[in-house]
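Enquirer: With the sequence up front, the predicted model follows.
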There are 2 protein chains.
Amino acid sequence: MAHSVSSEPARVLRQAGLRVTPQRLAVAREVMNRQHPTAAEVFEAVRGQFPTMGLATVYATLNTMSRCGLVKPLPFADAVRFDANVSPHANLICTHCGRITDFEGCIDLLGQLRDRTEQGAGFALDAERLDLYGTCSNCRPQ
Amino acid sequence: MAHSVSSEPARVLRQAGLRVTPQRLAVAREVMNRQHPTAAEVFEAVRGQFPTMGLATVYATLNTMSRCGLVKPLPFADAVRFDANVSPHANLICTHCGRITDFEGCIDLLGQLRDRTEQGAGFALDAERLDLYGTCSNCRPQ
DNA sequence: TTTACTGCAAAGGGTTTGCATGAGG
DNA sequence: CCTCATGCAAACCCTTTGCAGTAAA
């Protein structure tokens, strides 16, 4: 890779036409490095570097990034989580430890889904949210 | 069918071990007859029959039904919607008219998903939420 | 310099809670 | 009868809004 890992968020922000502020960089870094964090979790992680930063700024940044397609908001019962992976995939949600991991091994099935809804219901598929609830490998008996 | 349509909700409630009150019957009827309503929508529909009924009672009933597996809560950005169809299916969400319709023609794909997550990530799938965003047949140009 | 982001406080809105009353089994 | 549902109001908490100050480009 030509760029350092730490420059990735800056590049992504700039490319979307957004102003690159230190606060935004921190938020972008956290949302990209963590697994589907909430705004509060990003806030907690970021306030160490910017003690004066407000939760409203975190929301503003995450909403701006959502509007630009850089992250995808996932409403859950307790709060909205933000997914930095905006390409088609499934979210594996462990009901024991709560961890959410991306699963890419089903992109072809999402393609089939597109055909099915098109032919079966005349529905033109644009995007999808696929949450799979169950038990992850760490939480299984063996 | 042996039972009248109107007795369905009562039977479902009783079978789950829940007390059958007139208010609960009304809530159960609405959530089963409507397409993924919010608590507020159920409340609006039910208050015609029970003017003294409170929104808190609607929430209490829907949460009780959720706990018993009679409905499935679907958190969205604006509010939680309740799905009376608890068997595996996809929710077709039209981004133009907002209508949400069930799509059952993908149960086999959900089965494949189970195998994929099992073999690909050691993940034991229990339940899923599949929301498909797009344009429904009514909203398409022909 | 211009435009947009930050930060703080207050408001908004969906959902829950507490408690007294009332009804189902 | 005993337990649980109802109804009302207030509280909760996540999220948004308004606005003055400030920094990116």
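Expert: Now that the structure is in, tell me what you want to look at. Numbers count the residues shown, from 1 in each chain, chains lettered A, B, ... in the order given.
Enquirer: Show me which residues of chain A are close to DNA strand D?
Expert: Counting by Cβ under 7 Å from any atom of the strand, chain A comes close to DNA strand D at A:14, A:19-22, A:38-40, A:55-56, A:59-60, A:63, A:75, A:78-80. Quick note: C-beta positions are derived from backbone N, CA and C, even for glycine.
Enquirer: In ChimeraX, select just the buried ones from the residues you listed.
Expert: A single ChimeraX command selects the buried members of the residues of chain A next to DNA strand D (16 or more other Cβ atoms under 10 Å in any protein chain shown):
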select /A:38,39,59,75,80
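Enquirer: Isn't A:R129 up against A:P73?
Expert: No. Using Cβ atoms under 8 Å, A:R129 makes no contact with A:P73, being 10.0 Å away.
Enquirer: So which of these two has more stuff around it?
Expert: Remark: of A:R129 and A:P73, A:R129 carries more neighbours, 18 against 15, as counted by other Cβ atoms under 10 Å in any protein chain shown.
Enquirer: Check the gap between the more buried one and B:D108 for me.
Expert: In this view, A:R129 and B:D108 are 20 Å apart by Cβ to Cβ, to the nearest Å.
Enquirer: who's in contact with the residue lying closest to A:L130 once chain neighbours are set aside?
Expert: Sequence neighbours aside, A:A90 is the residue nearest to A:L130 in space, at 4.3 Å (criterion: Cβ to Cβ, 6 or more residues apart in numbering or on different chains). Counting by Cβ atoms under 8 Å, 6 or more residues apart in numbering or on different chains, A:A90 touches A:102-104, A:106, A:130-132, B:113, B:117.
Enquirer: Just the buried ones from those?
Expert: Going by neighbour count (16+ other Cβ under 10 Å), those have A:102-103, A:106, A:130-132, B:113, B:117 buried.
Enquirer: Look up the closest residue to the spatially most central residue of chain A, ignoring the ones flanking it.
Expert: Residue closest to the average C-alpha location in chain A (Cα atoms, centre = their mean): A:D83, at 0.7 Å. Counting by Cβ to Cβ, 6+ apart, A:K72 is the residue found nearest to A:D83 once chain neighbours are left out, at 4.5 Å.
Enquirer: Thanks a lot, catch you later.
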